[in-house]
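> take a look and give me a structure for this.
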Amino acid sequence: MDGINNSNNSVISLSPLHNRTKTEKEPIGVIMGKNVTVHNKSEAKLLKLSAEADAGPSTVAHAATFEEATRTIERFLKNNSGNELLSTLGMTAEGRIVLLAEQDECQQPKLRRALEQQLEALLPENIARALKEREVENTVSTEFKTLVNFRNRTLRDRQIRNRLMELERQYTSEFKKLDELTTTEITVLDAALTTGSNEPDEPFAEYRFRNEFTQDRWKFIDNRKSGAIKPKDFYMSNVIARQFKLSFDSFGWLLELPKIIDREMMTNQKTIETLIEHQKDYDSDAFMSAFLETTVNGKSTVNVARDLGLIIERITVSYNGKLVKSIDEPITIRHVKHRFDVHVHVRPDKALYDSI
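Below you'll find the predicted structure:
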């Protein structure tokens, strides 16, 4: 579907930010297992966390700082391979990371919990403790198997959050308008839905942005403004920045940048015409330039990539759910709406993100 984003000229080579910002919204309700409706405030208090959530007992002498936790990890890595599974490690009261197998069995659960609390220090300070605990639990128990991987991923999470704070500064007025005009809902199926409309006695205007975010793939599904809207009040890229962070925080995930951005079921006439015009050469530079520089879907994707610090490397095309490099059959615009998906392959910009 089609996003309206007329903020800037699109280019394939993505430069750092220009003139736009972000404010976050305040949710109500419970996260895990339920929808979260997000209203109009800053930095997400995603769980309506009570004061008691931050007051639990600790098995370490004091709450480590980011710098202390980093030094502790680096000391361990200096004398070990770094390939040890996180599930095999613990921390002593003296602040040393140790192999659990070498410790007294009855002490292992306490040592394990002490390490998890230390790892929480690698997460941003403004995240509530209960959310940090869930992020550590999620990452330790799933894809982050080694201490090196966890350290690297938390560093990337920190870099992305810094980028998002920069967006807050760059796009203050746009995000303020987004707050006034829309509400966002994060669902248990990884979907983010931002909607809004004018009051009944005002000229009709409607906003609808539905997208899905996972750790390596973002799907832009339905993004549109209609009626008596002001296109430059806020941009699709502002919505995506907000939905991305709220989605990941809602599910207790460390922030990750995608490898692929999918533009699904597109209906914009100019976009479809471009796909038909290039039906013999979807793997060509000519098609890539035409899509990214002349279509609404392409331009808005370029803007999102630029804001989030992503480099567009290539694009691929699916027709009727199947990857194609070309289409031999005759196709007309009347019969192909919702049949095309374009997959934009991206990587982090090394000028903004360290390699991990």
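
> switch to C-alpha atoms for all contacts and neighbour counts from now on
OK.

> could you list the low-confidence segments of the stretch 151-300 of the chain?
Within the stretch 151-300 of the chain, the stretches with pLDDT under 70 are 188-190.

> so residue 202, which state does it fall into?
Look at residue 202: counting by DSSP: H, G, I helix; E, B strand; the rest coil, its state is coil.

> do the same with residue 125
Assigned with three-state DSSP, residue 125 falls in the coil class.

> could you find the closest non-adjacent residue to the residue nearest the centre of the chain?
Nearest to the geometric centre of the chain sits residue 244, at 3.5 Å (Cα atoms, centre = their mean). Closest residue to residue 244 apart from its sequence neighbours, by Cα to Cα, 6 or more residues apart in numbering: residue 213 at 6.4 Å.

> my read is that the one you found contacts residue 219, right?
Yes - contact status for residue 213 versus residue 219: in contact at 6.5 Å, counting by Cα atoms under 8 Å.

> so the two - more neighbours on which side?
Neighbour count, other Cα atoms under 10 Å: between residue 213 and residue 219, residue 213 has more, with 24 against 18.

> hey, what's residue 318 bridged with?
residue 323, residue 341 (DSSP bridges).

> state the phi and psi torsions of the residue of the chain most remote from its centre.
Distance from the C-alpha centroid of the chain, by Cα atoms, centre = their mean, peaks at residue 104 (41.1 Å). When read as degrees, to the nearest 10, the backbone of residue 104 gives phi -60, psi 130.

> one more: residue 204?
phi -60, psi 130.

> so which elements touch the longest helix seen in the chain?
Identified as the longest helix of the chain according to DSSP state H is helix 147-170. The contact analysis (3 or more Cα pairs under 8 Å, 6 or more residues apart in numbering; DSSP states H and E) places helix 147-170 against helix 296-308.

> circling back to that earlier point, shared neighbours of residue 213 and residue 219, which are they?
Overlap between the contact sets of residue 213 and residue 219, as judged by Cα atoms under 8 Å, 6 or more residues apart in numbering, is nil.

> any idea of the mean pLDDT for stretch 337-344?
Mean pLDDT, computed over stretch 337-344, is 91.

> now it: buried residues?
Going by neighbour count (16 or more other Cα atoms under 10 Å), the buried part of stretch 337-344 is 339, 340, 341, 342, 343, 344.

> the fifth one touches residue 260, doesn't it?
Yes - taking contacts as Cα under 8 Å, residue 343 lies within contact range of residue 260: 6.3 Å.

> host element of the residue nearest to the centre of the chain?
According to DSSP states H and E, residue 244 maps onto helix 236-250.

> chain neighbours aside, what residue packs nearest to residue 352?
residue 309 (6.5 Å).

> what about that neighbour, how many residues nearby?
24.

> quick one: which of the buried residues of stretch 337-344 is nearest residue 125?
Residue 125 has its nearest neighbour among the buried residues of stretch 337-344 in residue 344, at 33.2 Å by Cα to Cα.

> count of neighbours near the spatially closest residue to that closest one that is not a sequence neighbour?
The spatially closest residue to residue 344, leaving aside those adjacent along the chain, is residue 315, at 4.5 Å (Cα to Cα, 6+ apart). The number of residues packed near residue 315 is 22, by other Cα under 10 Å.

> switch to numbering from 6
Noted, 6 is the first residue going forward, which turns the last one into residue 320.

> A helix includes residue 320, no?
No - counting by three-state DSSP, residue 320 falls outside a helix, being strand.

> now for residue 106: which residues touch it?
Shown in contact with residue 106 (Cα under 8 Å, 6+ apart): residue 93.

> do you know how far it is from residue 83?
Going from residue 106 to residue 83 by Cα to Cα, to the nearest Å gives 20 Å.

> equivalent analysis for residue 151, please.
Applying Cα to Cα, the value for residue 151 to residue 83 is 15 Å.

> could you do residue 96 as well?
Residue 96 sits 16 Å away from residue 83, going by Cα to Cα.

> between the two, which is the more surrounded one?
When residue 96 is set against residue 83 and neighbours are counted by other Cα under 10 Å, the residue ahead is residue 96, at 24 against 9.

> backbone torsions only: list them for the more buried one.
When read as degrees, to the nearest 10, the backbone of residue 96 gives phi -140, psi 140.
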